[in-house]
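mind looking at a prediction? Sequence and model below.
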Amino acid sequence: MPMSYEERSLMLLAAASYASGDTAPGAACVPRPETPKVVTRQSRREALVRTIEGQIVPRLLMTRAPVPATAAAARATSAVTSAGSVEELTRLLLQHTSEVAGVYVDMIRREGVPLESILLDLLAPAARRLGTLWETDDVDFFAVSLGLARLQTIVRDLSTDAPDDDASRGLGGTVLLVPELGEQHTFGLQLVGEFFRRARWDVWMEQPDSAEEYLQLVGDEHFSVVGLAVGSESRLEHVASRIASTRRASRNRAVYVMVGGPIFLQKPELARQVGADATAIDGPSAVQVAQKLVKSLAATGPRG
């Protein structure tokens, strides 16, 4: 059942206090969950969640009247799409650990918000918000980098919810996702990769140090699709050259190349101009387009 802003604030205060070593509010007489002998990031996170669930959530639920399931679902979905949720997550990413920010995301998920909405309507806007704060000089580069790293940790934690066994991996195809050379902020590409992975694709996320290393990779491995992230229009000539060299070096002579980035959202026709097969507006669309490309190849045979 969706929680009010005050209730969320109380739980987040508990999370922040626990992460800093303080006792959770209202829990002075309740022993903290025993810390595992081998302390890992996952064990700390599990202990944090147990503390919140066992000591705070029950008292909150006792004060709440039941709400019909349909109304609760509607309220939950609207909560994650609100600007307030994005601002709150952004604040947590900048001021607290990934565990605290992750608990906030978990709280929203438990209100019934679909994972796709979490990724597209909460995490992606939070990443864009961090970028805006840097561009306006409200936050320095180090803080933004740290916030994005925390976001990547949250996405990796969420990815453990989907099956990742050998039997299902690669059923959709094999995709290589690569940022521009030297690019460090790859959260958007990681988000796209998560959607491919959930569609049973075998996903390779790589950051080659040089063009030669990249071409060696596409020559050694068989990729159904190569996805290239492009940061600005000034890089288009370089991207066109990279796509041409990809096709020449690729072990899969029928490889499809997709491009993504802000410039292609504004001018999708540029994808064809640089020699790419397609572009997409977001992660789910990228998966759909890639699947259509691979299916068309299977139906018509190798391209000439």
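Nice, I can see it. Numbering: from 1, shown residues only.

helix, strand, or coil at Val257?
strand (DSSP: H, G, I helix; E, B strand; the rest coil).

that one reaches Val226, doesn't it?
Yes: look at Val257 against Val226 with C-beta atoms under 8 Å: they come within range, at 5.1 Å. Yep, even glycine has a C-beta here, placed from its N, CA and C like the rest.

which residues are common contacts for these two?
Thr246 (C-beta atoms under 8 Å, 6 or more residues apart in numbering).

can I get stretch 253-268 as PDB, trimmed to CA atoms?
The C-alpha coordinates for stretch 253-268 follow below in PDB (Å, rounded to 0.1, in the frame of the first residue of the first chain):
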ATOM      1  CA  ARG A 253      29.200 -10.500 -41.600                       C
ATOM      2  CA  ALA A 254      25.400  -9.800 -41.200                       C
ATOM      3  CA  VAL A 255      25.800  -7.800 -37.900                       C
ATOM      4  CA  TYR A 256      23.200  -5.100 -37.200                       C
ATOM      5  CA  VAL A 257      24.400  -1.800 -35.800                       C
ATOM      6  CA  MET A 258      22.200   0.500 -33.700                       C
ATOM      7  CA  VAL A 259      23.000   3.900 -32.300                       C
ATOM      8  CA  GLY A 260      21.600   5.800 -29.400                       C
ATOM      9  CA  GLY A 261      22.000   9.100 -27.600                       C
ATOM     10  CA  PRO A 262      20.300  12.500 -27.200                       C
ATOM     11  CA  ILE A 263      21.100  13.600 -30.800                       C
ATOM     12  CA  PHE A 264      19.200  10.700 -32.300                       C
ATOM     13  CA  LEU A 265      16.200  11.400 -30.100                       C
ATOM     14  CA  GLN A 266      16.100  14.900 -31.700                       C
ATOM     15  CA  LYS A 267      17.000  13.800 -35.200                       C
ATOM     16  CA  PRO A 268      16.400  10.000 -35.700                       C
END
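
what does that stretch contact?
Against stretch 253-268 from outside (C-beta under 8 Å, 6+ apart): 188-189, 192, 218, 223-233, 236, 239, 243, 246-247, 270-271, 274-281, 286, 289-290, 293-294, 297, 302-303.

so of those residues, which ones are in helices?
Using DSSP state H, the members of these that fall in helices are 188-189, 192, 218, 236, 239, 243, 246-247, 270-271, 286, 289-290, 293-294, 297.

domain ranges for the chain?
Following automatic domain parsing, one gets these domains for the chain: 5-159, 173-300.

out of the ones you listed, which gets the lowest mean score?
Across the domains of the chain, domain 5-159 has the smallest mean pLDDT, namely a mean of 66.

next up, the contacts around Gly283.
When contacts are counted by C-beta under 8 Å, 6+ apart, Gly283 touches 119-120, 191-192, 194-196.

Ala280 now?
Here Ala280 is in contact with 258, 260, 286, 288-289 (C-beta under 8 Å, 6+ apart).

ok, now how distant is it from Leu146?
29 Å (C-beta to C-beta, to the nearest Å).

ditto for Pro179
From Pro179 to Leu146 the distance is 19 Å (C-beta to C-beta).
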